[in-house]
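A.B. asks: What shape does this take:
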Amino acid sequence: MEIESKVSPLQQHMGIEVTTANHTEQQRKNSRPAVRRPAPASLADVALIDGPSIAAAGCMAVSAWLQLVRNGAAPQPVIRQPRYTRWRLADARAWLIERAAQQMPDKSAAVVAHAKRASAKAREPAAVERAKASRKAGIAARAAGAAG
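C.D. replies: Okay, the predicted model is just below:
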């Protein structure tokens, strides 16, 4: 694709390139990536995080997070001032990992048991016949809709 370039004598003298495209090739090469790079691991020891961010990371409401803090089930904040409460990122991350590890076995066993029951139910002859009939009915309905 050829990009037309209209340069006035002044722009040419100053070395400015004007194109009709949004960016020149050089600008694309020099642009910063859209994705932010992760923070260094050493920064986690001193980084601070607020309550709403921890609650979002833990998939819970802010009020639930604050209740856990009040009950002593979650880490206590290192800075507590009016409208400014912060926790260490390392403490919050360790707590979230520990919480996930405690909840994982219970839920995974239930999911596996449910999947086994569903698979066994799907293999029953009556279920197989219902699925075949449903497929045939869907194909017939699409064919009737396309013809009409």
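A.B. asks: CA atoms for contacts and neighbours, from now on please.
C.D. replies: Will do.
A.B. asks: so who does residue 127 touch?
C.D. replies: Residue 127 makes contacts with residue 121, as judged by CA atoms under 8 Å, 6 or more residues apart in numbering.
A.B. asks: What does the pLDDT read for it?
C.D. replies: Predicted confidence (pLDDT) for residue 127: 80.
A.B. asks: same question, residue 29
C.D. replies: Turning to residue 29, the model gives it a pLDDT of 61.
A.B. asks: same deal with the one 5 residues further on?
C.D. replies: On pLDDT, residue 34 comes in at 60.
A.B. asks: can you check residue 7 too?
C.D. replies: Note on residue 7: pLDDT of 57.
A.B. asks: mind listing what's buried in the strand or helix carrying residue 138?
C.D. replies: Taking DSSP states H and E as the criterion, the element that holds residue 138 is helix 125-147. Neighbour counts using 16 or more other CA atoms under 10 Å place no residue of helix 125-147 among the buried ones.
A.B. asks: Please save the CA atoms from the longest strand belonging to the chain in PDB.
C.D. replies: For the chain, the strand with the greatest residue count under DSSP state E is strand 84-88. Taking Å, rounded to 0.1, in the frame of the first residue of the first chain, the C-alpha atoms of strand 84-88 are listed here in PDB:
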ATOM      1  CA  TYR A  84      -6.700   5.500  53.200                       C
ATOM      2  CA  THR A  85      -6.300   1.900  54.300                       C
ATOM      3  CA  ARG A  86      -3.600  -0.200  52.700                       C
ATOM      4  CA  TRP A  87      -2.300  -3.800  53.000                       C
ATOM      5  CA  ARG A  88       1.100  -5.200  51.900                       C
END
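A.B. asks: Perfect, that will be all.
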